[in-house]
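In: output the structure for:
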Amino acid sequence: MEPANNVADGIGQELDWQVPLYEQLHRNPELGLAEHQTSAAVAEKLTAWGYDVRHFGGTGVVGVLANGTGHGVLARADMDALPVTEATGASYASANPGVMHACGHDMHVVALLGAAKYLADHRDAWRGTYTALFQPAEETAAGSQAMLDDGLAAGIPRPDVALAQHVMPTEAGTIGTTAGPILSAGDSVRITVHGRGAHGSMPHKAVDPVVLAASIVLRLQTVVSRETMPGKFAVLTVGSVQAGATANIIPDRAQLLLNLRTYDVDLRTAIMAAIERIVRGECAVAGSPQEPEFEYYDQYPLTSNDPEANGRVTAAFTAAFGADAVYRTAPQTASEDFSRIPDAFGIPYVYWVVGSVPPETYRQAVANGTVDADIPANHSPFFLPAVDSTLGVATRAQAAAALAFLAAQPG
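Out: Below you'll find the model as predicted:
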């Protein structure tokens, strides 16, 4: 069998069909669990290339290609867009008002399809089972669980390793990998605290939930600054406080929306406990007539790469792209639901990041110290990967990572 880097070198020819498909998907973005056109386009391609196509979680698509005895590799791409109005001015900008591929998931889909076609066309170069999984609703943390709830774990051959990637606003042509945590766990919390409503001129007859909410917001600032060990990463944000509707009425309740990011499972649990302790304590001090309510939602698991599998993938990238193109990335504070899938199988996984900004543009911004100001980040209405350079690297990366396992002998 040919080495993974040699096989992946010839994948540039796939761009002839990939670029038009990418522009089609970018022009027609679909929100989570409504990726019907995207799902149909993916299934059509996989079927044409000889994959056994299966559907899970509504719009989720899985293509399985068995090719003799060997390792099983599952490679995943997310498909959903965001409720963002595009402002890139691209000729293929979104034609769906208020919806945009502002996070590069269209790029992920087409890159994985490119790798899937390449593997289907070069079965003499590998042995094993390749599973290409296209997941809905990553942006709402619902898609991977929806596929699992629909029988994914029992409905496909058990893989030995899982792979995923994400385009980022870094230099195109580069790939970032790391062992251990690469994306944070993420949790959103909706907290409702109760007071006693009254006329604004009669505060003595009320338990004011606005003052209570303000006290909670201030006290929560101490969770990271005073209850978290220095050097441990955690972000706790109060993103919304809502109470009342008019100036002269003290309302009977207030609602707070919190967001938590951590790299450590034990710290995540400790901070959640601290949030509830502080809220309950402030409610008791205020004389709240009712216990507070906590609703946890949009919860993302920690994404932490298996060291051995990450080492194998990193070596494959270094062989395929050269040492200068591969770097060790710092953990990102964004979150993902990908890891639920390999966790359900009890298998290792590797998640990496791919640059998407033209090199000259990115290097100039670095030299000027203006990366944050000049380079649109994911979820920005101006986010738009450089197509040819990003798509080619992302496709080759998926193929090289898969072949690092499929071209190897079992065991």
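In: from now on I want contacts and neighbour counts done on CA atoms only, so please keep to that.
Out: OK.
In: shaky segments in the stretch 201-350 of the chain?
Out: The stretch 201-350 of the chain contains no residues with pLDDT under 70.
In: so which residues of it form helices?
Out: 209-227, 265-286, 307-321, 340-345 (DSSP state H, counting those that start in this stretch).
In: may I have the residues that are in contact with residue 213?
Out: 193, 241, 254-256 (C-alpha atoms under 8 Å, 6 or more residues apart in numbering).
In: quick one on the thing from earlier: of all the helices of the stretch 201-350 of the chain, which one is nearest residue 118?
Out: helix 307-321 (15.2 Å; C-alpha to C-alpha).
In: so which bits of that closest one are buried?
Out: Buried residues in helix 307-321, counted by 16 or more other C-alpha atoms under 10 Å: 309-311, 313-321.
In: tell me the most buried of the helices of the stretch 201-350 of the chain?
Out: Of these, the one with the most neighbours on average (mean count of other C-alpha atoms under 10 Å) is helix 307-321, at a mean of 20.
In: and it, how far out from the chain's middle?
Out: 21 Å (C-alpha atoms, centre = their mean, to the nearest Å).
In: any idea how many residues pack against the nearest residue in space to residue 168 that is not next to it in sequence?
Out: Spatial nearest neighbour of residue 168, chain neighbours left out: residue 355 (5.3 Å); criterion: C-alpha to C-alpha, 6 or more residues apart in numbering. By other C-alpha atoms under 10 Å, 26 other residues sit near residue 355.
In: how close does residue 355 get to residue 221?
Out: 34 Å (C-alpha to C-alpha, to the nearest Å).
In: what about the closest residue to residue 96 other than its chain neighbours, distance to residue 275?
Out: Distances taken as C-alpha to C-alpha, 6+ apart put residue 28 closest to residue 96, at 6.2 Å, once the chain neighbours are dropped. Using C-alpha to C-alpha, we find residue 28 at a distance of 41 Å from residue 275.
In: quick check, residue 242 in contact with residue 254.
Out: Yes. Counting by C-alpha atoms under 8 Å, residue 254 is a contact partner of residue 242 at 5.7 Å.
In: the two: which has the busier surroundings?
Out: residue 254 (22 against 14).
In: list the beta-bridge partners for the more buried one.
Out: Under DSSP bridges, the beta-bridge partners of residue 254 are residue 193.
In: ok, now how distant is it from residue 187?
Out: Per C-alpha to C-alpha, residue 254 is found 20 Å from residue 187.
In: for residue 333, same thing?
Out: 12 Å.
In: which of those two has more neighbours?
Out: Neighbour count, other C-alpha under 10 Å: between residue 333 and residue 187, residue 187 has more, with 20 against 16.
In: number of residues surrounding the residue lying closest to that one once chain neighbours are set aside?
Out: Of all residues not flanking residue 187 in the chain, residue 299 sits nearest, at 4.4 Å (C-alpha to C-alpha, 6+ apart). Using other C-alpha under 10 Å, residue 299 has 19 neighbouring residues.
In: hang on, the earlier thing: which neighbours do residue 333 and residue 187 share?
Out: Common neighbours of residue 333 and residue 187, counting by C-alpha under 8 Å, 6+ apart, are residue 261.
In: roughly how far does the residue nearest to residue 187 sit from residue 181?
Out: 17 Å.
In: count of neighbours near residue 232?
Out: By other C-alpha under 10 Å, the residues close to residue 232 number 11.
In: typo on my end, residue 48
Out: 10.
In: got it, and residue 264?
Out: For residue 264, using other C-alpha under 10 Å, the count is 17.
In: quick check: it vs residue 272, distance?
Out: When distance is defined by C-alpha to C-alpha, residue 264 is 12 Å away from residue 272.
In: what about the residue nearest to residue 168, which helix or strand?
Out: Residue 355 is part of strand 349-357 when elements are defined by DSSP states H and E.
In: give me the sheet partners of that strand and which way each runs.
Out: Using DSSP bridges, strand 349-357 pairs in its sheet with strand 161-171 (parallel), strand 175-177 (antiparallel).
In: could you single out the most deeply buried of those?
Out: Comparing those by mean neighbour count (mean count of other C-alpha under 10 Å), strand 175-177 ranks first with a mean of 25.
In: hmm, who's touching that strand?
Out: Counting by C-alpha under 8 Å, 6+ apart, strand 175-177 makes contact with 310, 314, 317, 325-329, 351-355, all of which sit outside it.
In: rerun that using 10 Å as the cut-off
Out: 165-168, 170, 182, 305, 310-311, 313-314, 317-318, 321, 324-331, 350-356, 393-394, 397 (C-alpha atoms under 10 Å, 6 or more residues apart in numbering).
In: residues contacting whichever helix or strand comes after that strand, please?
Out: The C-terminal neighbour of strand 175-177 among helices and strands, as given by DSSP H and E, is strand 180-183. Residues from elsewhere that reach strand 180-183 (C-alpha under 10 Å, 6+ apart): 176, 261-264, 300-307, 310, 329-337, 350-353.
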